[in-house]
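> requesting a structural model of the entry that follows:
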Amino acid sequence: MTRLLSEFAGLFALAILATVALLQPASAQEGVPLNDGWQFTKGDPQGASAPSHDDAGWSSISVPHTYNAEDSGIGGAKARGEPEGEYYRGPAWYRLSFEHVPAPGKRQILHFGGATLKADVWLNGRKVGTHRGGYAAFRFDVTDELQAGRNVLAVRVDNAKNPEISPLNGDFNVFGGLYREVRLIEVPELHLDRMNHAGPAIRAWTEAIGDDTAKIGSNVAVVNTRSVPAQFEIDTQIIDADGKQVATQREQLQLAAGESRSVASNFTVSNPKLWRGREGPYLYRIRSQIRESGALVDSQSVPLGIRTVAVEKDGTFLLNGKAYPLYGVNMQMPTRFGRGPIVTDGEIDEDMRLIDEMGATGIRLAHMQHPPRVYERADELGMLILTEVPLIDDHDQSDAFRENLVQQMEELIAQHTNNPSVALWGIGNEIRVSDAASNRLLAELNETAHTLDPYRPTTYAHCCLDDDDPIAQHSDTVSYNRYFGWYWTKSEDIGPWADELHAKMPNRPIGVSEYGAGASIRHQEDPVVKRPESNGYWHPEQYQTDFHIKHWLELKKRPFLWSTFVWVAIDFPSFKRNEGDRPAINDKGLITEDRIPKDAYYWYQANWAEEPMLHIASSRDTHKRTQQVKAMAFSNLPRVEVRLNGGEWTGIDVEDRMAKWTIELEEGANLIEARARTQDGRLLTDKVGWRYDLRP
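Now for the predicted structure:
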């Protein structure tokens, strides 16, 4: 009886939420969440789509959910010759029974934030659609299937490798499941279109920026699903951060029954506040409303950052027509240990804060569409984004595969074209074969991006073929994944390589999309004797630090590189790997999987961040092997003072963001302190404890 009462209370609360939602105009996070009360089973039981199917023996779960949380830590697939690894890749089923009373004259839309890689959806035993692709949101209109009272939603999700769905490969786990939110959206029959690849009805862009005005264009998609014509007004406004309307357009329209239309508007904003990256990420909003006889029928709003982006042939990245240095980190899909991609907005905010505090001006989102919160925080923090479709390493030569990737590009652009942080669309990463099919594929992706968005350039991350191979010539810019000093040769070779490539292609904008080295904070070796084995166990933190010092000293001297991105911001799961301090982790992050910054993080903070900082390196190497130690601190201040065991302070000049000095340790415990004073008088301090024990 208690369980029945609890279930009834939950269903009643859902019905109340649905009723409340009907009273509100649609918003960015619109609809009733369908998070709780799901039943789940791994495998492929027969008849699971039928409302009468017995799922009493299934697991009770909430979404977001992944069925790879427990088995994702099995690494070494590559070493064992296993293409998929040992974590489960296959079908699973989700079922939800819920109560709903559809309001008359409304359309019902099911929204899925993401399902990997293929999702088949049934409502009340009727199939409503299939979505192929693991990283974009998707929607189905279920007006005809949704019924008053009890409804049964069934979803078959399959993360198995599929020759028709990209990605086919990648150095990361493909977490299966309904791993983002599910919602039921109710909209009027006359409404702003929600069905364009699950993107908003509004698309806005900056056409030109003058001395004291900005020209803004927009398109608003409107749909009349009524059985009779509709006469109404479209009111589109640009609203500043204080809520003030700074521009507006109104248009009287008539749509026939079943007709849809895109309504174009042009605005002039006087004395605009520009979105200027980290220097000032000012955000407007653009809002469109449908009104009939003055009454509000439907509404949507999206962010608007007034800004332009471009890349010159000489490699200069331009933000609002001015040179803007673009450097930062790659960010793999946000995950957390033991939960995979089931992360909260607060956890994404933490990741973005760490990158922001490092001083990065940009992030390359590898290798797929990321959660919406990543783009939202980038808008607010002023970090520029490169975001790409999941074309990684391998491709299938079929039309179905090509069409699926084009669909994923369309979804990516539809869902994120309004984010001012998005600066470039990525068309692929490290295609290993340059043949007719791969070149046709990249050419079509590039054309799709330009057709849908002529205001942003495209890019491609190249590797593993000749630097000037035709496969690297389709996009407006090209970047290279290069690991000098980790997989081959030495770190300093990055500079001569870049010079040689620039001399070969002087009018081609080139950048570095990946460079990095593995590191474990559990592995301490100061000084490092030799380069670690990339696929070995021993990955000392100090080698990674030295790698990045040498790389950045070379890269910063080459302004013809339009961007440089460290691989990677945060350690992340990878089924292929069995290296470093534990299996199934790519440990090239500047931050550990449990969000502890490594020393290399502070090296970049010293070079990039505006906020004064001071950090003594090798703090975790607590037991020294030699009495005489070469110490180093990173700082963006001109001078640091140091002392040993409470002795006299000694001043050291900071050169290339490093203060270096030699310490003669005493036997036993030692305290090393550093301090530096900021221009406004603040005192920064850091200290480490190092021990030296005499050996017989």
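> okay, now the domains of this protein?
Taking automatic domain parsing as the domain assignment, the record places the domains of the chain at 2-186, 202-304, 310-336+345-592, 628-692.
> switch these over to JSON lines; also include mean neighbour count.
Where C-beta positions appear, they are placed from N, C-alpha and C, glycine not excepted. Putting these into JSON lines (neighbours: other CB atoms under 10 Å) gives the following:
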{"stretch": "domain 2-186", "mean neighbour count": "18"}
{"stretch": "domain 202-304", "mean neighbour count": "17"}
{"stretch": "domain 310-336+345-592", "mean neighbour count": "20"}
{"stretch": "domain 628-692", "mean neighbour count": "15"}
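> out of the ones you listed, flag the one nearest Gln605.
Ranking those by distance to Gln605, with CB to CB as the measure, places domain 310-336+345-592 first at 4.8 Å.
> now do that closest one: distance to the chain's middle.
With CA atoms, centre = their mean, to the nearest Å as the basis, domain 310-336+345-592 stands 12 Å off its chain's centre.
> show me where the stretch 251-400 of the chain has helices.
In chain order, the stretch 251-400 of the chain shows helices spanning 345-358, 372-381, 399-416, with DSSP state H, counting those that start in this stretch as the criterion.
> ok, Gly114 - contacts?
Gly114 makes contact with Gly134, Tyr135, Ala136, Ala137, Leu178, Tyr179, Arg180, Pro371, according to CB atoms under 8 Å, 6 or more residues apart in numbering.
> pretty sure the fifth one sits against Asp158.
No - using CB atoms under 8 Å, Leu178 and Asp158 do not qualify as a contacting pair, with a distance of 12.0 Å.
> hang on, the earlier thing: which of the domains of the chain has the lowest average pLDDT?
With a mean of 86, domain 2-186 has the lowest mean pLDDT of these.
> now that domain, how far from the chain's geometric center?
Between the mean C-alpha position of domain 2-186 and that of its chain there is a distance of 22 Å (CA atoms, centre = their mean).
> with stretch 597-604 instead?
The mean C-alpha position of stretch 597-604 is separated from the chain mean by 21 Å, CA atoms, centre = their mean.
> now what about it, what contacts it?
Here stretch 597-604 makes contact (CB under 8 Å, 6+ apart) with 354, 358-360, 519, 521, 541-542, 544-545, 547-549, 552, 566, 589-592, 613, 615, 617-619, 634, 657.
> let's see which of these end up in strands.
Assigned to strands by DSSP state E, the following of the contacts of stretch 597-604 qualify: Val566, His615, Phe634.
> which among those gets closest to Glu533?
The nearest member of the ones in strands among the contacts of stretch 597-604 to Glu533, counting by CB to CB, is Val566 at 21.0 Å.
> the closest one pairs with what?
For Val566, the beta-bridge partners under DSSP bridges are Val329.
> do you know how far it is from Thr545?
In this structure, Val566 lies at 12 Å from Thr545, with CB to CB, to the nearest Å as the measure.
> can you show me the helices along this structure?
Assignment of helices within the chain using DSSP state H yields the ranges 2-22, 77-80, 345-358, 372-381, 399-416, 436-452, 494-504, 541-555, 599-608.
> out of these, nearest to Lys273?
The stretch from the helices of the chain with the least distance to Lys273 (CB to CB) is helix 372-381; that distance is 14.1 Å.
> so which elements touch the closest one?
Counting contacts by 3 or more CB pairs under 8 Å, 6 or more residues apart in numbering; DSSP states H and E, helix 372-381 packs against helix 345-358, strand 384-388.
> can you put the ones you listed in TSV and add distance to Ile286?
Putting these into TSV (distance: least, CB to CB, whole Å) gives the following:
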stretch	distance to Ile286
helix 345-358	23
strand 384-388	19
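> contact partners for the residue most central in space within the chain?
The C-alpha lying nearest the average C-alpha coordinate of the chain belongs to His370 (CA atoms, centre = their mean; 3.8 Å). Listed by CB under 8 Å, 6+ apart, the contact set of His370 reads Tyr135, Met331, Met333, Pro334, Thr387.
> nearest to Gly243 among those residues?
When the contacts of His370 are ranked by distance to Gly243 (CB to CB), Thr387 comes first, at 29.4 Å.
> pull the contacting residues for that closest one.
Contact partners of Thr387, counting by CB under 8 Å, 6+ apart, are Leu365, Gln369, His370, Tyr375, Leu412, His416, Val422, Leu424, Trp425, Gly426.
> that older thread, Gly536 is nearest to which of the helices and strands packed on helix 372-381?
Between Gly536 and those, the tightest spacing by CB to CB is seen for helix 345-358, at 27.7 Å.
> so the closest one versus helix 372-381, what angle?
Here the directions of helix 345-358 and helix 372-381 differ by 40 degrees (axes from the mean of the first three to the mean of the last three CA atoms, to 10 degrees).
> can you tell me which helices and strands helix 345-358 packs against?
Using 3+ CB pairs under 8 Å, 6+ apart, helix 345-358 sits against strand 327-331, helix 372-381, helix 599-608.
> reformat these as JSON lines; add distance to Glu579.
Written out in JSON lines, the entries for the helices and strands packed on helix 345-358 read as follows (distance: least, CB to CB, whole Å):
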{"stretch": "strand 327-331", "distance to Glu579": "18"}
{"stretch": "helix 372-381", "distance to Glu579": "27"}
{"stretch": "helix 599-608", "distance to Glu579": "18"}
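> which of those sits closest to Pro583?
Ranking the helices and strands packed on helix 345-358 by proximity to Pro583 (CB to CB) places strand 327-331 first, at 21.6 Å.
> are there residues contacting both of Leu178 and Asp158? Which ones?
Taking CB under 8 Å, 6+ apart as the contact criterion, the residues that touch both Leu178 and Asp158 are Ala119.
> what's next to stretch 246-259, contact-wise?
Contacts made with stretch 246-259 from outside it, assessed by CB under 8 Å, 6+ apart, are listed as 190, 216, 222-240, 261, 263, 265-270, 284.
> right, I mislabeled it, should have said stretch 411-420
133, 136-138, 196-200, 202-205, 275, 281, 283, 286, 302-307, 369, 372, 375-376, 378-379, 385, 387-389, 422, 425, 449, 452-453.
> recalculate using a threshold of 7 Å.
The set of residues external to stretch 411-420 that reach it, using CB atoms under 7 Å, 6 or more residues apart in numbering, is 133, 136-137, 196-200, 203-204, 275, 302-305, 307, 369, 375, 379, 387, 389, 422, 425, 449, 452-453.
> which of the residues you listed fall in strands?
Cross-referencing the contacts of stretch 411-420 with the strands (criterion: DSSP E) gives Arg203, Ala204, Val302, Pro303, Leu304, Thr387, Val422, Trp425 as the overlap.
> just put the residues you listed in TSV and tack on distance to Asp393.
What follows is the ones in strands among the contacts of stretch 411-420, written out as TSV (distance: CB to CB, whole Å):
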residue	distance to Asp393
Arg203	32
Ala204	35
Val302	34
Pro303	33
Leu304	37
Thr387	18
Val422	24
Trp425	19
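> and of these, the nearest to Asn151?
Ranked by distance to Asn151 (CB to CB), the ones in strands among the contacts of stretch 411-420 are led by Val302 at 30.4 Å.
> quick check: the gap between the closest residue to the closest one other than its chain neighbours and Ala137.
Nearest in space to Val302, with sequence neighbours left out and distances taken as CB to CB, 6 or more residues apart in numbering, is Asn418 at 4.2 Å. Distance from Asn418 to Ala137, counting by CB to CB: 14 Å.
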